[in-house]
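A.B. asks: Turn this into a structure:
(2 chains)
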Amino acid sequence: DQQVKQNSPSLSVQEGRISILNCDYTNSMFDYFLWYKKYPAEGPTFLISISSIKDKNEDGRFTVFLNKSAKHLSLHIVPSQPGDSAVYFCAATITGGGNKLTFGTGTQLKVEL
Amino acid sequence: DSGVTQTPKHLITATGQRVTLRCSPRSGDLSVYWYQQSLDQGLQFLIQYYNGEERAKGNILERFSAQQFPDLHSELNLSSLELGDSALYFCASSLDLSYEQYFGPGTRLTVT
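C.D. replies: Model (predicted):
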């Protein structure tokens, strides 16, 4: 049972444009969400997170939006850069219930020149 | 560099064998987590230790076990290995019970 879903296995975007990566979840108990970026032969790197009490969180070029009613979150990268090419994982957890992260299957982002 | 180290980087072994994967967390981090990533799969949570004690368990097989030592490093033991155990195994650590986890580079296990 995939509780966190990233339905787009890949995404291609031109340099300078916006990248939008999507994530859906089914478990309504999830109340904290994270995005990780992964380059080949490296471990995932924490990017940005959001609590369910907010609907938006920004950090530089990265913005995460949360729509609780739709059980949907998205990561916006503006402007996209070639160095952003990586696999992006969405993760979710239940605060106060341990720190277990439930990950999606990832979206491969390719930023083209 | 996340500060989390994992050894070995690669491991090739035969079915039925037993292996031990090692993880050293970031300096000061008390929590250690183990995840498995199989081909085309997301990361699957296996187990978490906090300051030497098991804190949470995921879908970890009975053939797998882990422990965290007094110096906070952790080991994941995989026994009676099967072909399906071939995967990337990641260790992560976090400060106290923070939700932001920092991942090591992983150990790629190949069972032949």
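A.B. asks: can you pull out the strands in chain A?
C.D. replies: A:4-5, A:10-14, A:19-25, A:32-38, A:45-51, A:56-59, A:62-67, A:72-77, A:86-93, A:102-103, A:107-112 (DSSP state E).
A.B. asks: Now do the same contact list for residue A:27.
C.D. replies: Applying CB atoms under 8 Å, 6 or more residues apart in numbering or on different chains to residue A:27 gives the contacts A:3, A:92, A:94, A:102. C-betas here are computed from N, CA, C, even on glycine.
A.B. asks: Leaving aside the residues adjacent along the chain, what's closest to residue 79?
C.D. replies: Looking at chain A here, since you left the chain open. Spatial nearest neighbour of residue A:79, chain neighbours left out: residue A:16 (4.6 Å); criterion: CB to CB, 6 or more residues apart in numbering or on different chains.
A.B. asks: That was the other one, I meant chain B.
C.D. replies: residue B:18 (4.2 Å).
A.B. asks: Count the neighbours of the one you found for me.
C.D. replies: Using other CB atoms under 10 Å in any protein chain shown, residue B:18 has 11 other residues around it.
A.B. asks: doesn't residue B:78 make contact with it?
C.D. replies: Yes: assessed by CB atoms under 8 Å, residue B:18 is found in contact with residue B:78 at 6.8 Å.
A.B. asks: what residues does chain B put near chain A?
C.D. replies: Residues of chain B that fall close to chain A, judged by CB under 8 Å from any CB of the partner chain: B:2, B:4, B:31, B:33, B:35, B:40-45, B:48, B:55-56, B:58, B:90, B:92, B:94, B:97-106.
A.B. asks: Now, those that are in strands?
C.D. replies: Using DSSP E, those in strands are B:31, B:33, B:35, B:43-45, B:48, B:55-56, B:90, B:92, B:94, B:102-103.
A.B. asks: Generate a ChimeraX selection restricted to the buried subset of those.
C.D. replies: Burial among these is assessed by 16 or more other CB atoms under 10 Å in any protein chain shown; the matching ChimeraX selection reads:
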select /B:31,33,35,43,44,45,48,55,56,90,92,94,102,103
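A.B. asks: now the ones in strands among the residues of chain B next to chain A as JSON lines including distance to residue B:82?
C.D. replies: Below are those laid out as JSON lines (distance: CB to CB, whole Å):
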{"residue": "B:31", "distance to residue B:82": "29"}
{"residue": "B:33", "distance to residue B:82": "23"}
{"residue": "B:35", "distance to residue B:82": "19"}
{"residue": "B:43", "distance to residue B:82": "20"}
{"residue": "B:44", "distance to residue B:82": "16"}
{"residue": "B:45", "distance to residue B:82": "20"}
{"residue": "B:48", "distance to residue B:82": "24"}
{"residue": "B:55", "distance to residue B:82": "27"}
{"residue": "B:56", "distance to residue B:82": "24"}
{"residue": "B:90", "distance to residue B:82": "20"}
{"residue": "B:92", "distance to residue B:82": "24"}
{"residue": "B:94", "distance to residue B:82": "30"}
{"residue": "B:102", "distance to residue B:82": "30"}
{"residue": "B:103", "distance to residue B:82": "25"}
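A.B. asks: pLDDT and distance to residue A:72 for the ones in strands among the residues of chain B next to chain A - can I get that in CSV?
C.D. replies: Shown next, in CSV, are these (pLDDT from 0 to 100; distance: CB to CB, whole Å):
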residue, pLDDT, distance to residue A:72
B:31, 92, 29
B:33, 95, 26
B:35, 96, 24
B:43, 91, 21
B:44, 93, 22
B:45, 93, 22
B:48, 93, 27
B:55, 90, 30
B:56, 89, 26
B:90, 97, 26
B:92, 96, 25
B:94, 92, 26
B:102, 93, 27
B:103, 95, 25
